[in-house]
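Asks: below are the sequence and a predicted model; questions follow.
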Amino acid sequence: MIILRIFVFIFGLFLAIYTFISATRTFVLPRSASVKLTRVVFVSVRRVFNLIMKALPSYEQRDSLMAIYAPISLLLMVPTWLFITTLGFACMFWAMGITPWQDAFLLSGSSILTLGFATAETMPQTVLAFIEATVGLILVAMLISYLPTMYSAFSQREEAVSLLEVRAGAPPTAAELVWRLHSLASTLVIQDFWSSWERWFTQIDESHTSLAALVFFRSPRAQQSWVVAAGAVLDGASLYLSTVKQPDHVPPTQALVIRAGNIALRHIADMFLVSYNDDPHFPEDPISVTRAEFNEAYDRLASQGVPLQPDQDAAWQHFAGWRVNYDSVLVALSELTMAPKVNWLSDYTFVPTSAGDGETSGRLQKVR
């Protein structure tokens, strides 16, 4: 019997410590960390939401439902932590002599919620009850304290997404972005634009991996999305580098934007174990932009007076060579976040395949 009580005490201690560390890694640790308990909660809630969405006919209705997915999942983390911690301390109380099991669970619940309607019998049990009450307060304080941080990061992200509508339309497109930037006729303003988005990608790399729930926080309007905005900016940078004639003295800052975006999107995808092609090469690996769609953008820019590279075939090859770097991860994150359907992003889906050597691989498949 003593051996059983020791085993139960150790098991309860493990549950309490594991839960506390999971909460700490989710909200306090200032770096990306894949927390299994947090993942289980978010995945479980997402499955319920997916079942409900099957009955909703329009994207606007599904978007309204998904708008509360991340907040609900986040708020459910606290009762999940409290319940598992209560079980852990109940095991420890039982091992210390509080019997039957119902009384041990009652004391644990009373302690963690600081209700006080159940009292311990001995000094060691009282000390353990004080510890549990402190842990319960800390778990609640973690979420409350970091909500302002999360919404501050969300606000900064959405400010840039909303401003992009001025430059690239609604929904934003690469061709619209290139044309409006060209119409500014100011090299300094254009360079500042690309530099600001390089910083934006760096910021979401940090915020959306350290506070992963932000990935699922949706924009205030149904047709806006941080993933769609990221795709439009990256495609605009690719169009600039491949298709638009630029003065020799202008540094190719668009390449830095693509690099920053590629790194940020991959880090975010890795957080959620999202499959993408981590070593793509065009034309061996297809992209989700067809030649016809590129030609349409090329012809539009030409008709609007944007100076373009004369060799359209070479421009397409160069564009595809830039796009292939971030194409599959962008499509995968679009599916993960249920982003709005837009051209150049939503008519393909990334299908993971077995690479044989353990590396991530896959292919893009046309949506029928």
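Replies: Thanks, I have the structure now.

Asks: what about residue 147, how many residues nearby?
Replies: 14 (other CB atoms under 10 Å). Where you see a C-beta, it was placed from the backbone N, CA and C, and this is true even at glycine.

Asks: where's stretch 67-81 relative to the chain centroid, distance-wise?
Replies: 15 Å (CA atoms, centre = their mean, to the nearest Å).

Asks: give me the contacts around that stretch.
Replies: Outside stretch 67-81, the residues that touch it by CB atoms under 8 Å, 6 or more residues apart in numbering are 19, 22-23, 26, 37-38, 41-42, 45-46, 49, 139-140, 143, 213-218.

Asks: narrow these to those in helices?
Replies: Cross-referencing these against helices under DSSP state H gives 19, 22-23, 26, 37-38, 41-42, 45-46, 49, 139-140, 143.

Asks: which one of these is nearest residue 309?
Replies: residue 46 (44.1 Å; CB to CB).

Asks: which residue sits closest to that closest one, ignoring its sequence neighbours?
Replies: residue 69 (6.7 Å; CB to CB, 6 or more residues apart in numbering).

Asks: could you check the distance from the one you found over to residue 326?
Replies: 25 Å (CB to CB, to the nearest Å).

Asks: looking at the two, which is more packed in?
Replies: residue 326 (27 against 22).

Asks: any idea how far that one lies from residue 292?
Replies: 21 Å.

Asks: then residue 115?
Replies: From residue 115 to residue 292 the distance is 66 Å (CB to CB).

Asks: which one's more surrounded, the two?
Replies: For the pair residue 115 and residue 292, the greater number of neighbours falls to residue 115 (11 against 7), based on other CB under 10 Å.

Asks: helix/strand/coil for the more buried one?
Replies: coil (DSSP: H, G, I helix; E, B strand; the rest coil).

Asks: next, give phi and psi for the closest residue to residue 218 other than its chain neighbours.
Replies: Among residues not flanking residue 218 along the chain, residue 67 sits closest, at 4.9 Å (CB to CB, 6+ apart). Here is the backbone geometry of residue 67 (degrees, to the nearest 10): phi -60, psi -30.

Asks: and for residue 67, the neighbour number?
Replies: 15.

Asks: try the one 4 residues further on
Replies: Residues near residue 71, counting by other CB under 10 Å, number 13.

Asks: so how far is the strand or helix carrying it off the chain centroid?
Replies: In the assignment (DSSP states H and E), residue 71 maps to helix 69-95. How far helix 69-95 lies from its chain's middle: 24 Å, per CA atoms, centre = their mean.

Asks: any idea of the pLDDT on the residue nearest the centre of the chain?
Replies: In the chain, the centroid-proximal residue (CA atoms, centre = their mean) is residue 215; its distance is 2.7 Å. Looking at residue 215, its pLDDT is 93.

Asks: cool, residue 230 as well?
Replies: 95.

Asks: one more: residue 245?
Replies: Listed pLDDT for residue 245 reads 86.
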